[in-house]
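Student: Structure, please.
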Amino acid sequence: MAQLYFYYGAMNAGKSTTLLQASFNYRERGMTTMLWTAAHDDRAGQGRIGSRIGLSADAHVFAPETDLFAAISAAPRPDCILLDEAQFLSAQQVDQLAHVVDVLDIPTLAYGLRTDFMGQPFAGSARLLAIADKLIELKAVCHCGRKATMNQRIDAEGRPVSSGAQTEIGGNERYVALCRRHWSQGQTRSKLE
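Tutor: Coordinates of the predicted model:
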């Protein structure tokens with residue numbers, strides 16, 4: 001029986017790498033996968049999932065208006081759906097993925113951040129945390145050695161940023177994974193500057 005999985009973690013936890021490895025494992029066994037990523041995240045190229053360790057693969061893209069159930073239903077049936085940048089899904093799109101699992105019986109693995117740089121949940125992540133069958137935390141490490149659970153946005157000089165739009169695409173030049181203690185210190189410092 002298919003299930004909806006949410007793999008979540010801070011930046012640099014290996015979410016995209018783990019997704020690409022899962023796709024490889026399915027394909028190595030002669031099965032097919034359908035990969036998805038957010039249309040506005042083009043760091044690896046439009047319609048590509050890329051990992052920091054150099055792995056990448058082509059993917060379908062979803063935008064706010066994409067009906068994932070309709071798009072997946074219209075394509076040749078894959079053995080597994082793998083979706084990167086799940087935090088950018090709407091709550092309705094998460095429900096569409098649940099419908100893929102429940103109606104089409106296709107295992108669906110979504111990978112994304114739990115919270116934004118201000119510690120607030122993304123709509124897609126909040127809905128996945130509420131309805132996914134399985135929740136799997138992928139671990140990242142803070143500079144102090146503790147588990148990193150938060151994402152701190154930084155400016156060009158590496159200083160913490162505590163205000164701005166929820167979504168700003170970037171990698172190591174814009175975000176750093178921190179434990180809650182160091183993230184809180186960065187938030188406080190940013191507000192005082």
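
Student: Adjacent strands (with direction) for the host helix or strand of residue 81?
Tutor: Using DSSP states H and E, residue 81 maps to strand 80-83. Strand pairing for strand 80-83, determined by DSSP bridges: strand 33-38 (parallel), strand 108-112 (parallel).

Student: Please tell me I have it right and residue 134 contacts residue 101.
Tutor: No - applying Cβ atoms under 8 Å, one finds residue 134 not in contact with residue 101, separated by 10.9 Å. In this view, the C-beta of every residue, glycine as well, is placed from N, C-alpha and C.

Student: any idea how far residue 14 is from the most centrally placed residue in the chain?
Tutor: The residue lying closest to the centre of the chain (Cα atoms, centre = their mean) is residue 112, at 1.7 Å. As judged by Cβ to Cβ, to the nearest Å, residue 112 and residue 14 stand 13 Å apart.

Student: repeat for residue 152
Tutor: Taking Cβ to Cβ, one finds residue 152 at 18 Å from residue 14.

Student: Which one's more surrounded, these two?
Tutor: residue 152 (27 against 18; other Cβ atoms under 10 Å).

Student: Could you look up the SS state of the more buried one?
Tutor: Three-state assignment for residue 152 (DSSP: H, G, I helix; E, B strand; the rest coil): strand.

Student: Looks like it contacts residue 178 (just checking).
Tutor: Yes - here residue 152 reaches residue 178: they are 5.2 Å apart, a contact under Cβ under 8 Å.
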